[in-house]
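**Q** Dropping the sequence and predicted coords here.
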Amino acid sequence: MKVDYLILGAGFTGATLAERIARELGKRVLVVDRRNHIGGNAYDEYDPSGVLVHRYGPHIFHTQSKKVWDYLSRFTEWRPYYHRVRAMVEGKAVPLPFSLASLRRLFSERLADRLEEKLLTHFGYGSRVPILRLKEAQDPDLRFLAEYVYKNVFEGYTLKQWGLRPEELSPSVTGRVPILVSYDERYFQDPYQAMPKEGYTALFRRMLDHPNIKVLLGADWKEVEGEVRFHRLIFTGPMDEFFGYLHGPLPYRSLRFRLEHHPQPWFQEVGTVNYPGEHPFTRITEFKHLTGQDLLPHTTVAYEYPEAYTPGENEPYYPVPREENEERLRLYQEEAAKLKTVLFAGRLGDYRYYNMDQAVARALKLFEEVARG
Ligand code: FAD
Ligand code: UDP
């Protein structure tokens, strides 16, 4: 078989590049994925009871980018949705990101008033303050608050999720969930937040529905190498795997998901409840909040149990953002730069902690380079 572009991976990165190359450049594209479905980690499906669930963990779409929003809107209508998260702290479900509302749930009115005033004076209303920055505060009240939030929200959760302490990771990791100096109770503050009305898999089906695109599922790169002739290869799987772990493995973190069905309409008050404490899982998500299947009389929730990644045994869900891994990544990037016909992109291909919109933005940018020739 001969194609212009062979794309490994049918997730957001692979699907965006396939769609653009097929439609805009009129080239023939073969998309190959080793899983038996399209959509990558954003894949969703109906469970036996008819609840729409996300097989690889809960996915909520949010972006600051109008370009990404407009692009994806060609393939889906949207259901407006603001994700809300609670964290279990000292037996109370408090709003997360930690905000002025969280203060009021945990502390006496007097103490909450004082802390609020200090936050407003030091940072200003509407600021987003990463926990590692708040920890540097000199003011004794802010130091108290920083220690409290660090201990009760970040330390245990991060140890479970990554097997590392917050300081051992890039500050951008805990910076994803900053302390909000406001009463905004939404998990994300992006201007565009929504869920694809008919789900992610339907969105992907439309993206890949083009006469120039063929999709081969259940096939690994190794199986098609040598069988397919191509002008260019785009690889969205793990970069270290592509190079046979030449410079040693890039670390990833994995998860195990446990889905639980309940014969009652609702399980919890909001989409996700985080458990930074003793529990072996990090969070529980109830899909119906996300997807809007409000009328179903039963519900399904997902528990997330972090675990080490072992190639061949589980999935490399998270690249691990920290300096020592960047050094190894640079060695692989140097290998990649030597290859004229192979391009790498995506959460695994770039080894970057991308959200869905960032994966799409990266793919759109790479497409511009591809189109220039
Ligand atoms: P992927 O979706 O991982 O796709 C890569 C594909 O390549 C996979 O299907 C894989 O099977 C295939 N592949 C890999 N190697 C090979 C090979 N050798 N041969 C053939 N095929 C191969 N983002 C958000 O914006 N909001 C969220 O709420 C959110 N929640 C998340 C929750 C979890 C638990 C996880 C893990 C991620 C979450 N994300 C979220 C991030 C989101 O999943 C990614 O940004 C997005 O899936 C990246 O798309 P991708 O195409 O780069 O990678
Ligand atoms: N985090 C935490 N406690 C929480 C929520 C998040 O310590 O209750 C930290 C943790 O290190 C986590 C990171 O912030 O991995 C990013 O959280 P996010 O919810 O963005 O993670 P994701 O949805 O990507 O798994």
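**A** Yes, it's here. Numbers count the residues shown, from 1 in each chain. Ligands and ions are numbered 1, 2, ... in the order given.

**Q** which residues does residue 30 contact?
**A** By C-beta atoms under 8 Å, 6 or more residues apart in numbering, the contact set of residue 30 is 1, 3, 5, 6, 7, 213, 214, 215, 216, 224, 228, 230. Bear in mind the C-beta positions are built from the backbone N, C-alpha and C, glycine included.

**Q** Who is the one residue in the stretch 251-373 of the chain that gets nearest to ligand 2 paired with across the strands?
**A** For the stretch 251-373 of the chain and ligand 2, the shortest gap (C-beta to the nearest ligand atom) falls at residue 274, measuring 3.8 Å. Taking DSSP bridges, one obtains residue 87, residue 283 as the residues bridged to residue 274.

**Q** and the stretch 1-150 of the chain, which residues reach ligand 1?
**A** Selection of the stretch 1-150 of the chain residues close to ligand 1 by C-beta under 6 Å from any ligand atom yields 8-14, 32-35, 40-42, 56-61.

**Q** What are the contacting residues of stretch 358-366?
**A** So stretch 358-366 is contacted by 11-14, 16-17, 20, 65, 67-68, 71-72, 234, 343, 345-347, 350, 352, 354 (C-beta under 8 Å, 6+ apart).

**Q** out of these, which are buried?
**A** Neighbour-count burial (16 or more other C-beta atoms under 10 Å) is assigned, among the contacts of stretch 358-366, to 11-14, 16-17, 20, 65, 68, 71-72, 234, 343, 345-347, 350, 354.

**Q** Among the residues you listed, which ones are in strands?
**A** 234, 343 (DSSP state E).

**Q** Dump the strand or helix carrying residue 258 to CSV, keeping only the CA atoms.
**A** Here residue 258, judged by DSSP states H and E, is contained in strand 252-262. Provided in CSV are the C-alpha atoms of strand 252-262 (Å, rounded to 0.1, in the frame of the first residue of the first chain):
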residue,chain,number,x,y,z
TYR,A,252,5.4,8.1,32.4
ARG,A,253,2.7,7.8,35.1
SER,A,254,-0.2,5.4,34.6
LEU,A,255,-3.6,5.0,36.1
ARG,A,256,-6.1,2.3,36.7
PHE,A,257,-9.8,3.2,36.3
ARG,A,258,-12.5,1.4,38.2
LEU,A,259,-16.1,2.0,37.0
GLU,A,260,-18.9,1.5,39.4
HIS,A,261,-22.5,1.5,38.5
HIS,A,262,-25.2,2.6,41.0
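
**Q** distance between it and the chain's centre?
**A** Relative to its chain's centre, strand 252-262 lies at 15 Å (C-alpha atoms, centre = their mean, to the nearest Å).

**Q** same check, this time on stretch 268-285
**A** 17 Å.

**Q** Ends of it, what's the gap?
**A** Across stretch 268-285, the terminal residues are separated by 9 Å (C-alpha to C-alpha, to the nearest Å).

**Q** what sits up against the least confident helix or strand in the chain by mean pLDDT?
**A** One helix or strand of the chain scores below all others by mean pLDDT, DSSP states H and E: helix 221-224, with a mean of 94. With contacts defined as C-beta under 8 Å, 6+ apart, helix 221-224 is touched by 6, 8, 30, 32, 34, 216, 235, 237, 242.

**Q** which of the residues in that helix are buried?
**A** Within helix 221-224, the residues scored as buried using 16+ other C-beta under 10 Å are 221, 224.
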